[in-house]
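Student: would you be able to build a 3D model of this:
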Amino acid sequence: MMVIRLFLLILFIPVLAIVLRRIGKTFRVQPIPSVPLKTVRDPVCQTFLDPSSPLVLSETANTPSGRVYFCSVQCQSEYHRLHQIPS
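Tutor: Residues are numbered from 1 along each chain as shown. Take a look at the predicted model:
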């Protein structure tokens, strides 16, 4: 009986190693390649924004880029108030 258990144990260890190695290969996580986002900053609250988002407000201004982007109507109003631009 002891010989049979020893034989099964010797047989079981390599099989277990092979199974664990295959499981490890199956569950490896591949990194997702990152795509750099073109972001701009709200001049009032300094929030980073995606300029292509439909939720972002923008307007033409006397800035080097020619556009100013805002995260909300409140920030846009505050920018107009600080720069004394009529609404």
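Student: CA atoms for contacts and neighbours, from now on please.
Tutor: Will do.
Student: buried set for whichever helix or strand S58 is part of?
Tutor: Element membership of S58, judged by DSSP states H and E, is strand 57-60. Buried positions in strand 57-60, judged by neighbour count with 16 or more other C-alpha atoms under 10 Å: L57.
Student: what pairs with it, parallel or antiparallel?
Tutor: Using DSSP bridges, the strands paired with strand 57-60 in its sheet are strand 67-70 (antiparallel).
Student: quick check, central residue of this protein?
Tutor: What sits nearest the mean C-alpha location of the chain, by C-alpha atoms, centre = their mean, is S34, with 8.2 Å.
Student: now that residue, what's its secondary structure?
Tutor: Recorded secondary structure, S34: coil (DSSP: H, G, I helix; E, B strand; the rest coil).
Student: from C45, how far out is it?
Tutor: S34 sits at a distance of 26 Å from C45 (criterion: C-alpha to C-alpha, to the nearest Å).
Student: count of neighbours near F48?
Tutor: For F48, the count of nearby residues is 15 (other C-alpha atoms under 10 Å).
Student: same question but for V56, I mixed them up
Tutor: Neighbours of V56 under the rule other C-alpha under 10 Å: 15.
Student: contacting residues for D42?
Tutor: Taking C-alpha atoms under 8 Å, 6 or more residues apart in numbering, we find D42 in contact with F48, L49, V68, Y69, F70, C71, C75.
Student: bridging residues for the fifth one?
Tutor: Applying DSSP bridges to F70 yields these beta-bridge partners: L57.
Student: ok, the second one next?
Tutor: Taking DSSP bridges as the rule, L49 bridges to V40.
Student: look up how far L49 lies from the residue nearest to the centre of the chain.
Tutor: Going from S34 to L49 by C-alpha to C-alpha gives 17 Å.
Student: D50: what's its closest spatial neighbour, skipping adjacent residues?
Tutor: Once flanking residues are discounted, D50 sits nearest to T39: 4.9 Å by C-alpha to C-alpha, 6 or more residues apart in numbering.
Student: S52 is in contact with that neighbour, correct?
Tutor: No - T39 lies out of contact with S52 (C-alpha atoms under 8 Å); the separation is 9.1 Å.
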